[in-house]
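>>> sharing a model that was predicted from the sequence below.
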Amino acid sequence: ALYFEARGESVKGQFAVAEVILNRVESATFPNTVCGVVHQGTGRKFACQFTYTCDGREEVIHEPAAYAQVAKVASIMLKDEDARGLTDGATFYHTLHVAPRWSRKFDRTATIGVHHFYRMPTRLSQN
């Protein structure tokens, strides 16, 4: 996922995208595994959570050095919970080139490289 979603980002940006994936794993709103999160909605064209899984293109690694870099980022993030903290709990992101409808309702937590990061808004119940 990091290769297809963030290989062109800075290392900080790659860590931030990895953080979103892991934040989703820990959230009750999303599947509870990395693979479950990454492939949520796959099979429905453009209804997936990570575009590369449903854009109809074959996933081919054309940049081995970039793949090696994101593999290191993924390994660090999976081993060290203390490596998180860049996105303030974000569970969503998008590139600066688009403005999804949901982004107007969510709380932006960070902008890193070419991505904005967001949390779902918390709803306060009234009793």
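All right, it came through fine.

>>> can we go C-alpha only for contacts and neighbour counts from here?
OK.

>>> ok, and for the host helix or strand of residue 68, which residues are buried?
Assessed by DSSP states H and E, residue 68 sits inside helix 64-79. Across helix 64-79, burial judged by 16 or more other C-alpha atoms under 10 Å covers 66-67, 70, 73-74, 77.

>>> list the contacts of that helix.
Applying C-alpha atoms under 8 Å, 6 or more residues apart in numbering, the external contacts of helix 64-79 come out as 2-3, 7, 11, 14-15, 18-19, 61, 83-84.

>>> and the residues you listed, which are buried?
2-3, 7, 14-15, 18-19, 84.

>>> just these: which has the poorest pLDDT?
Note: of the buried ones among the contacts of helix 64-79, the lowest pLDDT belongs to residue 84, at 85.

>>> find the nearest non-adjacent residue to that residue, please.
Take residue 84 and drop its neighbours on the chain: the residue closest to it by C-alpha to C-alpha, 6 or more residues apart in numbering is residue 19, 6.1 Å away.

>>> if I read this right, that neighbour contacts residue 82, doesn't it?
No: contact criterion C-alpha atoms under 8 Å: residue 19 and residue 82 do not qualify, at 10.8 Å.

>>> of the contacts of helix 64-79, which belong to helices?
Counting by DSSP state H, the contacts of helix 64-79 place 2-3, 11, 14-15, 18-19 in helices.

>>> out of those, which is nearest to residue 88?
For those, the minimum distance to residue 88 (C-alpha to C-alpha) is 9.4 Å, reached by residue 19.
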